[in-house]
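Asks: Sharing a model prediction with you, sequence too.
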Amino acid sequence: MARKGQKRAPRELGTAGKGLWRVVTENFELEPHHLVVLEQAACALDRATTCREAIARDGQTIVDRWGQVKPHPLLAAERDARSSFVRCLSALGLDVIPAGPNGRPPGSGR
């Protein structure tokens, strides 16, 4: 459930996007302008997931109409969606691993 004042996940989001929305809104207080960025991140995650599933099904290469082996066209779409997702997380400040008690990220082994 979203915190008071935060809207529910947009209906058009897929499973991955709704999961991201839920985790972020349950753990962070977001301003309305952050919700716009979060929605873009969730859409990008859904797009990357859809592309990854199609690539897994079809293989990383395809044979074109002339019989030439080519990279799957969704490889570029997946890359672009992942890049957009990472940029949105960065804009929200969610790309930073909090420091542990020794000033280093948890599990850094030092």
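Replies: Great, that's in hand.

Asks: So residue 77 is in contact with residue 51, correct?
Replies: Yes: using Cβ atoms under 8 Å, residue 77 is in contact with residue 51, at 5.0 Å. For glycine as for every other residue, the C-beta is placed from the backbone atoms N, C-alpha and C.

Asks: So for these two, which sits in the more crowded spot?
Replies: Using other Cβ atoms under 10 Å, the more surrounded residue of residue 77 and residue 51 is residue 51, with 21 against 16.

Asks: My reading is that that one lies in a strand. Confirm?
Replies: No: under DSSP: H, G, I helix; E, B strand; the rest coil, residue 51 falls outside any strand and is assigned helix.

Asks: what about the residue nearest to it when sequence neighbours are not counted, which helix or strand?
Replies: In this structure, residue 51 finds its nearest non-sequential neighbour in residue 78, 3.7 Å apart by Cβ to Cβ, 6 or more residues apart in numbering. Taking DSSP states H and E as the criterion, the element that holds residue 78 is helix 74-92.

Asks: which other residues reach that helix?
Replies: 24, 28, 30, 34, 37-38, 40-41, 44-45, 47-48, 51-52, 54-55, 60, 95 (Cβ atoms under 8 Å, 6 or more residues apart in numbering).

Asks: run the last query once more with 10 Å
Replies: Applying Cβ atoms under 10 Å, 6 or more residues apart in numbering, the contact partners of helix 74-92 are 16-17, 20, 24, 28, 30, 33-55, 58, 60-62, 72, 94-96.

Asks: Could you check which helix or strand contains the residue nearest the centre of the chain?
Replies: Using Cα atoms, centre = their mean, the residue of the chain that lies closest to the mean C-alpha position is residue 45, 3.1 Å off. Secondary-structure assignment from DSSP H and E places residue 45 in helix 32-58.

Asks: Pull out the buried residues from that helix.
Replies: Neighbour-count burial for helix 32-58 flags 34-35, 37-52, 55 (criterion: 16 or more other Cβ atoms under 10 Å).

Asks: Report the separation between residue 38 and residue 26.
Replies: 12 Å (Cβ to Cβ, to the nearest Å).

Asks: sorry, that was for residue 19
Replies: 11 Å.

Asks: Compare neighbour counts for those two and give me the winner.
Replies: residue 19 (15 against 11).
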